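# Structure for this input, please:
(one chain, ligands or ions: 2)
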Amino acid sequence: ATPTSIMVGTGRAAELGVLFRKGAALQGLSKVQLVALDKTGTVTEGRPEVVDVLLVDGVTRETVLALTAAAEAASEHPIASAIVRAAKGVFAASEVEVLPGKGLRAQVGTAKVTVGSDRFLAEEGIDTTPLAQAEVEHTARGETVVFVAIDGALAAMIAVADKVKPSSAAAIKALRAQGLRVAMITGDKRATAMAIAAQVGIDEVVAEVLPDGKVNAIKELCAHGPVAFVGDGINDAPALAQADVGIAIGTGTDVAIESADVVLMSGDLSGVATAIEASRATMANIR
Ligand code: ADP
Ligand code: MG
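Ligands and ions are numbered 1, 2, ... in the order given. Sure, this is the predicted structure:
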């Protein structure tokens, strides 16, 4: 590609709300065969709401939410803001340890609070099965389930629901029409991921991966041909850097934007097909 054609292509794409941060990305994107999407905040709104709280006997909803929210106040995860918004009390945590892709540990007053996935709580020696009975129903609806333990004893299950963006299904259909494979990668449970994928027409799902695992998943997908990864979160930065082309949602975190080759000005996925169209048009003109 000549510098002039790259400049013209980059300019045209910018008018359509697609910022190519590197000229090479215009070339790279035209060769992509698979688009991998992050789930939370990319396919979905990333603004989950607490829809259900199950408690063990003797624990009140107010206390659990206040303690959990105190812990979550230190986290930037969408699950954290959902819990903070649902809580009414104000407790402050003195110590918080955030474990990306897992959850967190916090000291709130005299209470030791552990919040996160069933797998994380199991690692901490806490059995979540006494409160797991509603999990199947929640995950089948695409909701995320997290568990809370207080002083090492299981206290609550919290379900949060995050709606898919109204534009996601059409954006994914447009990518398919361009002859691309579309996959979704998430740290969330497989059942939740499958339900969200079904709502938007995705049939390839990589679920229950830790933030490092997202990089490995991208590496594996890249072995079959050039891959673009689309993400918005802090946790997505390594995967954005690993993919042949990293695409950040413009409304995403600064870290994601800085790690990306392409930034979409719109807050949704419609710009991905636009970016691919622009890259293909530029490369076609050059050849
Ligand atoms: P995603 O791929 O949806 O962004 P993450 O990799 O960030 O998911 O997190 C995976 C799982 O770890 C979540 O579904 C949740 O169970 C748990 N988790 C991560 N961060 C938190 C948090 N701040 N509070 C509670 N649970 C969390
Ligand atoms: Mg995300």
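# name the helices or strands packed onto the longest helix along the chain?
For the chain, the longest helix by residue count, based on DSSP state H, is helix 270-286. Counting contacts by 3 or more C-beta pairs under 8 Å, 6 or more residues apart in numbering; DSSP states H and E, helix 270-286 is packed against helix 3-15, strand 18-20, helix 23-31, helix 168-177, strand 227-231, strand 262-264. For glycine as for every other residue, the C-beta is placed from the backbone atoms N, C-alpha and C.
# for the record, mean pLDDT for it?
The average pLDDT for helix 270-286 rounds to 91.
# who's in contact with Ile202?
When contacts are counted by C-beta atoms under 8 Å, 6 or more residues apart in numbering, Ile202 touches 37, 43, 172, 182-184.
# With adjacent residues omitted, what lies nearest to the closest residue to ligand 1 within the chain?
Proximity of the chain to ligand 1 (C-beta to the nearest ligand atom) peaks at Gly187, 2.1 Å away. Of all residues not flanking Gly187 in the chain, Gly101 sits nearest, at 4.5 Å (C-beta to C-beta, 6 or more residues apart in numbering).
# unless I'm mixing things up, the one you found is touching Pro211, no?
Yes - the criterion here is C-beta atoms under 8 Å, and Gly101 meets it with Pro211 at 4.6 Å.
# Which residue is the nearest non-sequential neighbour of the residue in the stretch 51-200 of the chain positioned nearest to ligand 2?
Closest approach of the stretch 51-200 of the chain to ligand 2 (C-beta to the ion) occurs at Pro78, with a separation of 7.5 Å. Leaving aside its sequence neighbours, Pro78 sits nearest to Gly46 (C-beta to C-beta, 6+ apart; 4.9 Å).
# cool, and Gln33?
By the measure of C-beta to C-beta, 6+ apart, the closest residue to Gln33 outside its immediate chain neighbours is Gly225, 3.9 Å from it.
# Just to be sure, the residue nearest to Gly187 is in a strand?
No - counting by DSSP: H, G, I helix; E, B strand; the rest coil, Gly101 is not part of a strand but coil.
# quick one on the thing from earlier: specify the local secondary structure of the residue of the chain closest to ligand 1.
State at Gly187, reduced to three classes by three-state DSSP: coil.
# Look up phi and psi at it.
phi -90, psi -10 (degrees, to the nearest 10).
# Near it, how many other residues are there?
Gly187 is flanked by 23 other residues according to other C-beta atoms under 10 Å.
# before we move on, back to that, can you check what angle separates the longest helix of the chain from helix 3-15?
Helix 270-286 and helix 3-15 are oriented at 160 degrees to each other (axes from the mean of the first three to the mean of the last three C-alpha atoms, to 10 degrees).
# Only C-alpha atoms, please: export helix 270-286 in PDB.
Provided in PDB are the C-alpha atoms of helix 270-286 (Å, rounded to 0.1, in the frame of the first residue of the first chain):
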ATOM      1  CA  SER A 270     -21.800  -1.500  13.900                       C
ATOM      2  CA  GLY A 271     -18.400   0.200  13.300                       C
ATOM      3  CA  VAL A 272     -16.600  -3.200  12.900                       C
ATOM      4  CA  ALA A 273     -18.200  -4.000   9.500                       C
ATOM      5  CA  THR A 274     -17.700  -0.300   8.500                       C
ATOM      6  CA  ALA A 275     -14.000  -0.600   9.400                       C
ATOM      7  CA  ILE A 276     -13.600  -3.900   7.500                       C
ATOM      8  CA  GLU A 277     -15.400  -2.400   4.500                       C
ATOM      9  CA  ALA A 278     -13.100   0.600   4.500                       C
ATOM     10  CA  SER A 279     -10.000  -1.500   4.800                       C
ATOM     11  CA  ARG A 280     -11.100  -3.800   1.900                       C
ATOM     12  CA  ALA A 281     -12.000  -0.800  -0.300                       C
ATOM     13  CA  THR A 282      -8.600   0.800   0.300                       C
ATOM     14  CA  MET A 283      -6.600  -2.400  -0.400                       C
ATOM     15  CA  ALA A 284      -8.700  -3.100  -3.500                       C
ATOM     16  CA  ASN A 285      -7.900   0.300  -4.900                       C
ATOM     17  CA  ILE A 286      -4.200  -0.300  -4.400                       C
END
